[in-house]
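J.: Sequence and computational prediction follow.
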Amino acid sequence: MKHKLFTIISVFIIFGITLSLVSVAFAAKNQNSDIKTRKIVIFKKNVLNKDIKKSLIERHSGIKIKDLDIVNGAATLLSPKEEQILLNQNEILRVDDDVEVSILVRPPEIQKSRKIQPNEITPWNITRINAQNAWDITSGDIARVAVIDTGIDIKHPDLINNLKGGFSAVGYTTSYNDDNGHGTHVAGIIAAMDNTIGVIGAAPQADLYAVKVLDRRGSGYLSDVIEGIDWAITNNMQVINMSLGTTTNIISFQEAIQRANAAGIIQVVAAGNSGGAVNYPAAYPEVIAVSATDNTNTIASWSSRGPEVDLAAPGVSIYSTYKGQTYKTLSGTSMAAPHVAASAALILTTLVGSYDGNNDGIWNPNEVQNKLQDRATDLGDNGFDNLYGFGLVNTHSAVLP
Ligand SMILES: [Ca+2]
Ligand SMILES: [Ca+2]
Ligand SMILES: [Ca+2]
Ligand SMILES: [Ca+2]
C-alpha cells in the first residue's frame, strides 16, 4: 500500500517536471520568434514605389534599413513571425537571409606592420605574373577599379594619387577609409603607385575606388555588399574586385552579380580559403574565380578548388600596403584575386581586336575573361583543371595583341 502511494506520487512529480520543462522550452521558442534579425525582402516586379515598399514592411512591424534597388528589395529587421506575415502579402516575392560575408585572408602570423621604406621594391608576386613587361604597353591609366572590401586607407602615400573616390555602405560610418587593413592590402596589389617608396602594384596607374561594405573586423552583411555593387554600376566602374565571400548561396547575391555583368563590369572574386568547395559569389558563372598559388607555383593547401575556378594567382606571403600608412605580409585567395583584377584593368586600356566576339568594338566581361584564360600559363594537369582553372595569370601576355 505504501509502495503504491509512492509510485503515484512519483508519477505526479515526473509529470510536473516534464510539464514545466515543456513550458520553459515553449516560452523560449516564443521569445525567439520575436527576435528581429537582418533579412532581405524582395518585392514583385510591379512593386516599385519606395513609399509603398516601406509602409508594407512597417505595417507588419518590420524595420526598413535601406532600399536595395538592383534586386528590387530592401534590407530589413524582421522577426520570424513578421517574416511569415510578409510572405503572405501579395506584393512580396521572397525573403532572403541577409547573411554574413567575410574577407578571405588567412589569420596572419604575428608581425608588426612596417613603416614606409624609402626604396621601392617589386614584390615577388608582381614579378611572377610578368606585370612589369606589361607596363611597356599599358599601366592601366584611368581604368576604373572598385575594391568592394573594408575600405582603402585614404592617406596612404603609395595609393593616394590613384584613389579617386568611393562609398561606404556600412551602418556606422559614411567614410570609406579602411579601419581593418584588408581593403588597403588588396588595393596595393592592384595599384600601388610607381614612385620611390614601398611597393608597386600590378596596374600602377589604375584608378581605385574604395567601396566599404565590411567592418573593422572584416565582415559585413550581404545587403551592404549588394548596395556596393549597385554603387559600382551607377558610378560606371569597369572592374570590381571582391576578396570576400560566404558559403551560403543567396538568390539576391547572384542577381546583383548578374546586373553588374549585364552592365559590362568585369568581376573578379577570391575562390575561398576552405581547401574545399568554392565560395559565393566566386561560384557564380558571371564572375572570374581565382585560386591562390605560392612562390613555387603550387596551389596553397587551403585554397578553395573546383570546376568554378577560372584562374590562379599568387596568394601566399604577399607584401602590400596596409592601413595607417604601413605595409604588411598576408596570405589568402583575397590576395590572389587582385592580381587578376589589375590584369583585367590593363586589358581594358588596350584594343579589343580579335577578342571582340560580339563585334561591338568594346571589351565585354566574357571577352576579357577569354583573353585572360587564353594567355594564362598552364599549371598542374594539362589544360583546364579544378586547382588552377586555365592557369596562372600572365599579365604581359594578356595585354599583347
Ligand atoms: Ca610605390
Ligand atoms: Ca567563373
Ligand atoms: Ca565586345
Ligand atoms: Ca592545368
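T.: Done, it's in. Ligands and ions are numbered 1, 2, ... in the order given.

J.: Nearest residue to whichever residue of the stretch 251-400 of the chain sits closest to ligand 1 in space, please, no chain neighbours.
T.: In the stretch 251-400 of the chain, the residue that lies nearest ligand 1 is residue 321 (8.5 Å; C-beta to the ion). (C-beta placed from N, C-alpha, C; glycine too.) Residue nearest to residue 321 in three dimensions, not counting chain neighbours: residue 188, with 3.2 Å by C-beta to C-beta, 6 or more residues apart in numbering.

J.: Mind checking what helix or strand follows the strand or helix carrying that neighbour in sequence?
T.: If you go by DSSP states H and E, residue 188 is part of helix 182-191. Sequence order places strand 207-212 as the next helix or strand after helix 182-191, per DSSP H and E.

J.: Give the other helices and strands that that next one contacts.
T.: strand 144-149, strand 163-168, helix 182-191, helix 222-234 (3 or more C-beta pairs under 8 Å, 6 or more residues apart in numbering; DSSP states H and E).

J.: Figure out how far the second one is from the centre of its chain.
T.: This points to strand 163-168. Relative to its chain's centre, strand 163-168 lies at 16 Å (C-alpha atoms, centre = their mean, to the nearest Å).

J.: can you check the third one too?
T.: In terms of C-alpha atoms, centre = their mean, the gap separating the centre of helix 182-191 from the centre of its chain is 13 Å.

J.: Just the CA coordinates for that helix, please, in PDB.
T.: Once non-C-alpha atoms are left out, helix 182-191 reads as follows in PDB (Å, rounded to 0.1, in the frame of the first residue of the first chain):
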ATOM      1  CA  HIS A 182      42.400  44.200 -45.700                       C
ATOM      2  CA  GLY A 183      41.000  46.500 -48.400                       C
ATOM      3  CA  THR A 184      44.200  48.600 -48.400                       C
ATOM      4  CA  HIS A 185      46.300  45.500 -48.900                       C
ATOM      5  CA  VAL A 186      44.100  44.400 -51.900                       C
ATOM      6  CA  ALA A 187      44.200  47.900 -53.300                       C
ATOM      7  CA  GLY A 188      48.000  47.900 -53.200                       C
ATOM      8  CA  ILE A 189      48.300  44.700 -55.100                       C
ATOM      9  CA  ILE A 190      46.100  46.300 -57.800                       C
ATOM     10  CA  ALA A 191      47.600  49.800 -58.000                       C
END
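
J.: is ligand 1 contacted by it?
T.: No - shown here: helix 182-191 not in contact with ligand 1 (C-beta under 5 Å from the ion), separated by at least 8.5 Å.

J.: May I see the helices and strands packed on strand 207-212 arranged in CSV, with distance to ligand 3, mean pLDDT and mean neighbour count as well?
T.: Below are the helices and strands packed on strand 207-212 laid out as CSV (distance: least, C-beta to the ion, whole Å; pLDDT from 0 to 100; neighbours: other C-beta atoms under 10 Å):
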stretch, distance to ligand 3, mean pLDDT, mean neighbour count
strand 144-149, 18, 98, 29
strand 163-168, 25, 98, 18
helix 182-191, 23, 98, 32
helix 222-234, 18, 98, 25
